[in-house]
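**Q** All I have is the shape, not the residue letters:
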């Protein structure tokens, strides 16, 4: 997930209709800027890549890049999943295409509440995310912070 760094509201004139409207955009931790495309009703960056907003406790905290896997990674995951559409790999491929973002991974210090077993495991958690149209971070209410202590 790319965290939101700054929020912008700009007044813009539609080149086709000549109507004035407000355009919303965000600068992300990756230095990317995502803009709400009113015509497609999607969040996009300047390269036309699509993003999915992540809300935790009702607050927009970040965005995930949709369909972010390289073709070789997709081929590898298809090979690993075999013909089982219920496998974690196959479920993640569908999740990445529909919702976007990094795969779920347990993190040391992750709150006990952020448990995919509530949904029947990781593969079913991905399917639930697709059904609801939310990221796994949002489904599990995990903001990326862990209780892990820095040891240095």
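**A** Received it, and whenever you're ready, just let me know what you need. The structure presented is a predicted model; accordingly, all values stated were derived computationally and were not measured. Numbering: from 1, shown residues only.

**Q** what about the residue nearest the centre of the chain, distance to residue 96?
**A** Centroid check for the chain by CA atoms, centre = their mean gives residue 64 as the closest residue, at 2.8 Å. Look at residue 64 and residue 96: by CB to CB, to the nearest Å, they are 9 Å apart. For glycine as for every other residue, the C-beta is placed from the backbone atoms N, C-alpha and C.

**Q** next SSE after the helix or strand bottoming out on mean pLDDT in the chain?
**A** One helix or strand of the chain scores below all others by mean pLDDT, DSSP states H and E: helix 71-81, with a mean of 81. The element immediately downstream of helix 71-81 (helix or strand, assigned by DSSP states H and E) is helix 88-98.

**Q** Enumerate the positions of that following helix that are buried.
**A** 88, 89, 90, 91, 92, 93, 95, 96 (16 or more other CB atoms under 10 Å).

**Q** wait, isn't the first one in contact with residue 122?
**A** This points to residue 88. Yes: in this structure, residue 88 is within contact of residue 122 by CB atoms under 8 Å, at 5.1 Å.

**Q** Good, wrapping up.
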